[in-house]
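**Student:** got a sequence here, can you model it:
(chains A and B)
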Amino acid sequence: MPQNSQEILLMLPHVVIGVGIVISLLIEMYSKKSETILPWISLFVFVFAGVHSIINISANQILFGGMLEVGGKPAIFNFIFNIGAALLILNSIDYIKKYESNHGEYYILIQSAILGMMVMAGSKDIFMIFIGLELMSIAFYVLAGINKKKSSSNEAALKYFLLGAFATGFIVYGIALIYGVSSTTSVDSIIQNFSTFTQNILFIVGLLLFIIGFSFKIAAFPFHMWVPDVYQGSATTVTGLMSTTGKTAAFSVLLIILSASLINYNIDIFAPYFAVIATLSMLYGSIVAIAQKNLKRMLAYSSISHAGYMAIGLAAANSEAFSGIIFYLAAYTFMNIGAFGIISIIEKQNDANTDLTAYAGLASKSPILAAFMSLFMFALAGIPPLAGFFGKYYVFISAIEADLTWLAVVGVFSSVISVYFYLRLVVYMYFKESEKDIDLHIDKYSLLSVVVSGILVIYFGISPDSLLNLILSVVN
Amino acid sequence: MQVPIEYYLILSAFMFSVGVAGVLIRRNAIIILMSIELMLNSANLALITFSSFMGNSIGQIFAFFVMTVAAAEAAIGLAIVIAIFRNKLTVNIDQINLFKW
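**Tutor:** Numbering: from 1, shown residues only, chains lettered A, B, ... in the order given. From the prediction side, this is the model:
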């Protein structure tokens, strides 16, 4: 079957990660030193898949009878997932020893989660969306509870599992209703007949249930209650992965479904829904983050408000908004992974040193960590020459073009509030005396990961066109 | 005499609502897990109903996928509940409150 072998060659990134999972499982079974070998295997797999995807971005094709798309938009998402995961693997090598869960399966589960995300981002059929989502979610439930002796890790896993499975229930029921009206599961044929289907109330209810389920996964406001607890309780590297690549994967599915509005401009039935959750998430996340003393919890609320900024783009739903969201997701992934990388370096055993007070006087102890942390905080706050600013800028511009100027105004207002808690950390690092003496051990691989994320954040900030032109070439 | 499609769909919507209510009201982690399974099974019922009435087999295949995934989720969920029971000796989610909600 020559055609099928060609298709397998086109989906090489997926195949490499799948083979990586199998090889990692075998090594984990037969080798006593698996935890020293597996980080390097997963790192190789992720870097290969990420670089291969971005090089072959123009080879846009739909494989296996309309199931999986490779190249084009999914290639950008694959790049974000894989490079993000590679950076977090570098952090994990030292961190999970501190977290007392230095097992090989940690790396196997991360590879499975990333494979699930790649399937989600490239799906052209509701089957694939569902399979990818579950592959990602089930791996994340286990990763959240990776240290089974630790109460905080257990609690995070239970809360994430119960609410994640609840959201899956909504998604599956929504899929059942969508299938019932459209009698197909192919995303393309659903999108083509979108305007006829929307006359049926069952289709609208099904789509609404589907979108509510994914609102849980992107951590938007009324569905956010699991976020702070899970982000605080899980291992810091796992939190970094969930909050960046996990959110990106959920957004990639929403973009696939909402691309119906690009073909047919009179479909804006979901604009009010996204406008409401965007407003609530932005304001709630920014205001509650001010009250947080724990840095992981503060970044969890900041993650809720960033989901709100991105949801502005979903409400605007034009092609500028879609490219803006993809740019924002890339920028957010790298700046958040950098921030969580620094938290994982400073954290000690038993969740010690995750409070703001642990960062007092960091600038005198480790100028390089303090400088990079300030860089990531400035980027998250959206200070101009950095990547985070352009993410927000493109999304706000798209909202103004879609006559949703009030949403952009709320977004700017919320960004101004959020500057307070991001800069408070910078003030702690540079202008406060440290209360207790913290012995700082900086692992060289973790530092490498932080430096690479920092360089990417600066690069996307100084020349946003390099990434934006790539995104524009695939969105249109 | 054939049972009309509405009867199946109303039953499945009722099962889904019972599942959602169970998740929101009950405090025992195992019962919440059972309610989630009820939600997934109501979706299966709807999928098979549509599939059978439209003479289109995609829905039945999808129901198999949903069952497989539900089994995987139940395995992970019970493992997490056992891990938490070993540490805390309770599965009541009101007492699993290390972090403030």
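
**Student:** can you pull the pLDDT of A:Val16?
**Tutor:** Listed pLDDT for A:Val16 reads 94.

**Student:** and what of A:Ile201?
**Tutor:** pLDDT, read off for A:Ile201, is 88.

**Student:** for A:Asn91, same thing?
**Tutor:** So, for A:Asn91, pLDDT stands at 91.

**Student:** and it, what element?
**Tutor:** Using DSSP states H and E, the element containing A:Asn91 is helix A:73-98.

**Student:** please see if the following helix or strand past that helix touches chain B.
**Tutor:** Toward the C-terminus, helix A:73-98 is succeeded by helix A:105-121 as the next helix or strand (DSSP H and E). No. Counting by C-beta under 8 Å from any C-beta of the partner chain, chain B is not contacted by helix A:105-121; separation bottoms out at 11.0 Å. C-beta: built from backbone N, CA, C; applies to glycine.

**Student:** so which residues on the stretch 151-300 of chain A come close to chain B?
**Tutor:** A:151-152, A:154-155, A:157-158, A:161-162, A:165-166, A:168-170, A:172-173, A:175-177, A:179-180, A:183-185, A:225, A:228-229, A:232-233.

**Student:** one more time with 7 Å
**Tutor:** By C-beta under 7 Å from any C-beta of the partner chain, the residues of the stretch 151-300 of chain A that approach chain B are A:151-152, A:154-155, A:157-158, A:161-162, A:165-166, A:169, A:172-173, A:176-177, A:179-180, A:183, A:185, A:225, A:229, A:232-233.

**Student:** of the residues you listed, just the buried ones, PyMOL syntax please.
**Tutor:** In PyMOL, this line selects whichever of these come out buried by 16 or more other C-beta atoms under 10 Å in any protein chain shown:
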select buried, chain A and resi 152+154+155+157+158+161+162+165+166+169+172+173+176+177+179+180+185+229+232+233
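
**Student:** now the helix holding A:Asn91 against helix A:105-121, angle please.
**Tutor:** 160 degrees (axes from the mean of the first three to the mean of the last three C-alpha atoms, to 10 degrees).

**Student:** burial count for whatever residue of chain B ends up closest to chain A?
**Tutor:** Nearest residue of chain B to chain A, counting by C-beta to the nearest C-beta: B:Met39, 3.3 Å away. Number of residues near B:Met39 (other C-beta atoms under 10 Å in any protein chain shown) recorded here: 25.

**Student:** the helix or strand where it lies: what's the following helix or strand?
**Tutor:** In the assignment (DSSP H and E), B:Met39 maps to helix B:29-54. Next helix or strand after helix B:29-54 toward the C-terminus (DSSP H and E): helix B:58-88.

**Student:** in the stretch 351-476 of chain A, what residue is nearest chain B?
**Tutor:** A:Asp351 (10.4 Å).

**Student:** that older thread, flag every buried residue along the helix holding A:Asn91.
**Tutor:** Taking 16+ other C-beta under 10 Å as the criterion, helix A:73-98 shows A:73-96, A:98 as buried.

**Student:** where in chain A is pLDDT low?
**Tutor:** A:1-3, A:263-268, A:437, A:476 (pLDDT under 70).

**Student:** next one: the residue in it that chain B sits nearest to from B:Leu24, what distance?
**Tutor:** Here chain A gets closest to chain B at one residue, A:Gly169, 3.3 Å apart by C-beta to the nearest C-beta. Noted for A:Gly169: a distance of 12 Å to B:Leu24, by C-beta to C-beta, to the nearest Å.

**Student:** check the residue minimising distance to the centre of chain B and give its pLDDT.
**Tutor:** Geometric centre of chain B, nearest residue: B:Glu37, 2.2 Å, by C-alpha atoms, centre = their mean. At B:Glu37, the model reports a pLDDT of 93.

**Student:** for A:Pro74, which non-adjacent residue is spatially closest?
**Tutor:** Spatial nearest neighbour of A:Pro74, chain neighbours left out: A:Gly122 (3.7 Å); criterion: C-beta to C-beta, 6 or more residues apart in numbering or on different chains.

**Student:** wait, the one you found touches A:Leu68, no?
**Tutor:** Yes. At 5.0 Å, A:Gly122 counts as touching A:Leu68 under the criterion of C-beta atoms under 7 Å.

**Student:** how many neighbours does A:Ala352 have?
**Tutor:** A:Ala352 sits with 12 neighbouring residues when counted by other C-beta under 10 Å.

**Student:** how many neighbouring residues does the closest residue to it other than its chain neighbours have?
**Tutor:** Leaving aside its chain neighbours, A:Ala352 sits nearest to A:Ala358 (7.7 Å; criterion: C-beta to C-beta, 6+ apart). Residues lying near A:Ala358 (other C-beta under 10 Å) number 20.

**Student:** what of B:Ile93?
**Tutor:** 18.

**Student:** now for A:Phe223: which residues touch it?
**Tutor:** Neighbour list for A:Phe223: A:Ser215, A:Phe216 [criterion: C-beta atoms under 7 Å, 6 or more residues apart in numbering or on different chains].

**Student:** again with the one 10 residues further on
**Tutor:** By C-beta under 7 Å, 6+ apart, A:Gly233 lies in contact with A:Ser152, A:Ser153, A:Glu155, A:Ala156, B:Phe99.

**Student:** which residue, other than its chain neighbours, is closest to the second one?
**Tutor:** Spatial nearest neighbour of A:Ser153, chain neighbours left out: A:Asn147 (4.5 Å); criterion: C-beta to C-beta, 6+ apart.

**Student:** that neighbour falls within a helix, correct?
**Tutor:** No. Under DSSP: H, G, I helix; E, B strand; the rest coil, A:Asn147 sits outside any helix and is assigned coil.
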